Structure formats: C-alpha cells, structure tokens
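K.L.:
I'll drop the sequence and a predicted model, then ask my questions.
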Amino acid sequence: MPRIRPLPGFARRPATTVALLFALALSACGGGGGDDTPDGGSGGATPSVSLQALAGDWVQKGCAKAGGQSYKKMLRARVTGANTLDYYEGVFTFGGNDCAGGGRLTGPSKLGTLSFDRSEAGGGLAAHWGLYRTVIGTRHGAVWALRSPPLLCLLGDEIPSIQPTLSAVSASLATVPADNCFVR
C-alpha cells in the first residue's frame, strides 16, 4: 500500500488556500451556521440610509469550520464619494474550530467598487441598490441591506434590479441565513 507523504513546504500554502476558499464557499451557500433570519427578529429601529452607515470594518457573523481551523470573512467598506465605496475582503483564521479568541487576519484586498444609485429605509431595514464593478472590470447588480441592530447582508442582483423595492429586498433577506451576514 502506498504511503501518503506530507506536502513539501512550498505546496502547503496553496493547499491551505484551497481549503480556505472551499470553507468560505460552503459558508456562502449556508453551510456551517444557523438558519436564523437575517434580522434575527430584531424589530429594531430603522438604520440610516447614509452611506456612512456602511463604512468601516465588518466581520461575518457565522463561523466556517474546516479540520482543526475555523474562518470568518472580514469586509471593509471605504466611502470614496457621495454614492460610491471601495469594497475589500479579508479572512480571519482561528486555531480552533469555533472561531474563538484572536484570529489571524489575511488581507483585506480590494475586490471592487460599488456605485449606489438609490437608497431606501423603513421597517428596520435600509437598502442600497447599485452597481458592483470588480477589480477586473466585471459588473453586477448589488444590494447592500442593513438591519438593526447593525447586520449587513450583501445580495446579488441583476441589471436592471430583480429586487426593486424594499419589500422585495426584505423577502430575499428572509432566505439568507444570518450567519452569512456581517456584524461590527
């Protein structure tokens, strides 16, 4: 029977990166977390429609587990204009499988720019509709939704929007596990 040998030092980093990306992909499709609705039943005050309410660092609520490690995405939104922001993501890596303690941050790296063309708020939800342009030039519709207490959920969209109203965004959020959203 052949013996499995450990990866040489130069191959460990790519293998770890592949494992990390796989864990994050599972997290993005709902694996590794609870099935709470994004608003958590908060019924809190309606968040501001100001772009400044999105600015800053956010950490994924859920924990993606892979082997003896765990991961959380980190999102950074940097406002660059009246209706634009730069979007960065990084990854916190934790030594155990419960995302406890201080994680080691890799990144963040700029993923693209968002240009919002409208915002609306009501019923404990603020939504920002716009265009997401990646660093390689691809374009996608995007909705950034902010619940109270601060819970930021990113929704994919089309151009023109298939979620054109606040109630449509709220209905979409009802299908997104809260663990896929971001907290301060």
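P.N.:
Everything's here; your move.

K.L.:
can you tell me which residues contact the residue lying closest to Pro160 once chain neighbours are set aside?
P.N.:
Leaving out its chain neighbours, the residue that sits closest to Pro160 by CB to CB, 6 or more residues apart in numbering is Gly141, at 7.6 Å. Bear in mind the C-beta positions are built from the backbone N, C-alpha and C, glycine included. Residues near Gly141 by CB atoms under 8 Å, 6 or more residues apart in numbering: Trp129, Gly130, Leu131, Tyr132, Gly156, Asp157, Glu158, Ile159, Pro160, Ser161, Ile162.

K.L.:
Let me see the ranges of the strands in the chain.
P.N.:
Per DSSP state E, the chain carries strands over the ranges 56-60, 64-66, 69-79, 84-94, 104-122, 125-134, 139-147, 151-157, 182-183.

K.L.:
where in the protein is pLDDT low?
P.N.:
Residues of the chain meeting the criterion pLDDT under 70: 1-43.

K.L.:
one step back: roughly how far does the residue nearest to Pro160 sit from Leu131?
P.N.:
7 Å (CB to CB, to the nearest Å).

K.L.:
Give the residues shared as contacts by these two.
P.N.:
Ile159.

K.L.:
Dump the strands of the chain into TSV; add distance to Thr46 as well.
P.N.:
Listed next are the strands of the chain as TSV, based on distance: least, CB to CB, whole Å:
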stretch	distance to Thr46
strand 56-60	19
strand 64-66	31
strand 69-79	19
strand 84-94	20
strand 104-122	5
strand 125-134	7
strand 139-147	9
strand 151-157	13
strand 182-183	18
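
K.L.:
who wins for proximity to Val49 among those?
P.N.:
Nearest to Val49, of all the strands of the chain, is strand 104-122, at 4.0 Å by CB to CB.
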